[in-house]
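S.K.: I would like to see how this sequence folds:
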Amino acid sequence: MARITVSDCIKVVSSRFDLVVLAAQRTRQIVAGAPVTVARTGNKIPLLSLREIAAQTVSVMDLENSIIKSFQRYCPQEDLEEDVDDLPEEESYDPHRPLVAPIADEAQDEVEVGDCQSEQPIQEKSI
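M.R.: Below is the predicted model:
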C-alpha cells in the first residue's frame, strides 16, 4: 500500500466520521507510547494510524472501547456489590417516640433563663 486513501479505510470502517474518530484515538495512543504495528517509514503519526486501520493490524473494537473509556467520568466496579443481608436493619417508625432524646435534668438545672438576658435595657442609638 504505497498511498493510503480513505477508500482503503472505508473497507474496514463504514463511516467516514467513525474513521476520523478512530484514527484520532489511535494517534493519541501512539503519541502516548503505544507500539506502531506497521512499517514506520518517516510518515507522520496520523498517516500511520490510518495505515494501521486499513491494514487491520489494530482492532477497531479495541479503539472504540478506548474512546468510550476516555470519555467516562465514572467507571462502575462490579466487585463492590453489597449484600442486602449484611445491611443493618432500620428501626421502624414509632409516632409516640420522641425524635430527639430528652435533655437530662442536670443539664437543665445549670442553665437559667435569666443568664441569657441582659439586666440593662437596650438603648437605641440615634442616627
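S.K.: residue 57: what secondary structure?
M.R.: What DSSP: H, G, I helix; E, B strand; the rest coil gives for residue 57 is coil.
S.K.: check contacts around it.
M.R.: Neighbouring residues of residue 57 by CB atoms under 8 Å, 6 or more residues apart in numbering: 37, 38. Glycine gets a C-beta too; all of them are placed from N, C-alpha and C.
S.K.: which phi and psi values does it adopt?
M.R.: phi -90, psi -10 (degrees, to the nearest 10).
S.K.: does anything pack onto the helix or strand hosting residue 70? Which helices or strands?
M.R.: Under the criterion of DSSP states H and E, residue 70 resides in helix 60-71. With contacts defined as 3 or more CB pairs under 8 Å, 6 or more residues apart in numbering; DSSP states H and E, the packing partners of helix 60-71 are helix 16-32.
S.K.: what mean pLDDT does the helix it packs on have?
M.R.: For helix 16-32, mean pLDDT rounds to 94.
S.K.: can you list the residues that contact that helix?
M.R.: 6, 9-10, 13, 36, 45-46, 48-50, 52-53, 58, 60, 63-64, 66-67, 70.
S.K.: could you pick out the buried ones from these?
M.R.: The neighbour-count test (16 or more other CB atoms under 10 Å) applied to these identifies 9, 13, 36, 45, 48-50, 52-53, 58, 63, 66-67 as buried.
S.K.: excluding residues flanking it in the chain, which one is nearest residue 9?
M.R.: residue 54 (4.8 Å; CB to CB, 6 or more residues apart in numbering).
S.K.: thank you kindly, that will do.
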